[in-house]
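A.B. asks: okay, here's the prediction I keep looking at, along with the sequence it came from:
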Amino acid sequence: MTLSTSSSPINSITGHVFDERARNALFNQVKSQQGKLTATDIDQLCKKFSLTQEQLLRACLPVASLFAVAPISQFSVGAIVVGLDKDQHAHFYFGANVEFAHQPLSLVVHAEQSAINNAWLNGAKAIVQIAISDAPCGYCRQFMNELADADTFDILLPKQQFKLAELLPAAFGPKDLGNQYSLFNPAPECTQLVASLDVCSLLVDQAQHAYVPYTGNFSAVKITTFKHGSFYGRYAENAAYSPSLAPLQSAISQLHLAGLRMDNASIERVELVQTEGAENQLQVTQAVLASYANLPALETYSLRFK
């Protein structure tokens, strides 16, 4: 797919391209596809509504905001990453903010993190654009600075467009800590992880692909639902440490993008795996799970290098 570079403002900036019926239909479509519009979907929608890809991207932001879970702020933020797969096809990866009642605000998932995480977990190889319904906070600008494409992708706001360097001058990033790799450009796999007990192989594989250049704690979470399969999340660290995304938050974000909720009627199991000797995710995982009533007890397992 050829990427549009048009940035002319139209009614899609405020979501008016879609009436309520069309917006709800698109929301249900994205939900059924667990937070994603494929290159084929994008082509079809552009033709149906006579939009360029960039106009469609902005028009979809109100739909992304519908996935927000914001019991504290009551402020819904949507974000969409345009990511390229291995064949250079562009897909839309949706994201929205997720807050946890009665827990520190530092545990929330920001919309930009959610969308980037969605693209990462779904195998995107490069990011070319990130559209956001509201200006990114400093925390999110720092999180985006860990990306392999930080110097090149475009940040689209409803009526403005930027490069990250314009929003984050004199940035601190991976190279400042001697890390030549980055999110979406990880270090080559040199070792293999094995579990101390019988653990789902897909969960171990998710941990193997965590981005952990600063602590080495290859960790991941699996949330198993009664009726809707399993959702995985993995640890994504940041050079500034604080904007790092914990594996449970990664998995919960994916659960919400499928239109599901964390409650005892939906969740069957929650499993955490961490690298032996580098564990740092147990307390944050327990804290987030404490936001929900009557969930099954967290199951924890250790990983070691083969």
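C.D. replies: Nice, I can see it. Numbering: from 1, shown residues only.
A.B. asks: helices of this protein, start to end?
C.D. replies: 20-32, 39-49, 53-59, 61-65, 111-121, 138-144, 164-167, 201-208, 247-257, 282-289 (DSSP state H).
A.B. asks: counting by contacts, list what the shortest one packs against.
C.D. replies: Read that as helix 164-167. Contact partners of helix 164-167 among helices and strands, from 3 or more C-beta pairs under 8 Å, 6 or more residues apart in numbering; DSSP states H and E: helix 138-144. Just so you know, the C-beta spots here come from the backbone N, C-alpha and C atoms, and that holds for glycine as well.
A.B. asks: quick one, which of the helices of the chain is nearest to Pro296?
C.D. replies: Between Pro296 and the helices of the chain, the tightest spacing by C-beta to C-beta is seen for helix 282-289, at 9.5 Å.
A.B. asks: could you list the residues in contact with that closest one?
C.D. replies: With C-beta atoms under 8 Å, 6 or more residues apart in numbering as the test, helix 282-289 has contacts from 100, 103-104, 107, 221, 246-249, 252, 270, 272, 274, 295, 298, 300.
A.B. asks: now, of those residues, which are buried?
C.D. replies: Buried by 16 or more other C-beta atoms under 10 Å: 100, 103, 107, 221, 246-249, 252, 270, 272, 274, 295, out of those.
A.B. asks: where is pLDDT lowest across those?
C.D. replies: Among the buried ones among the contacts of helix 282-289, Gln103 has the lowest pLDDT, at 91.
A.B. asks: count of neighbours near Gln55?
C.D. replies: Around Gln55 sit 22 other residues, with neighbours defined as other C-beta atoms under 10 Å.
A.B. asks: likewise for His228?
C.D. replies: 14.
A.B. asks: return the distance of Thr300 relative to Ser253.
C.D. replies: Note on Thr300: its distance to Ser253, by C-beta to C-beta, to the nearest Å, is 21 Å.
A.B. asks: low-scoring stretches of this protein, by residue?
C.D. replies: Low-confidence segments of the chain, defined by pLDDT under 70: 1-16.
A.B. asks: now with 80?
C.D. replies: 1-16, 190-191 (pLDDT under 80).
A.B. asks: so it: which segments form each domain?
C.D. replies: The chain breaks down by automatic domain parsing into domains covering 26-171, 193-305.
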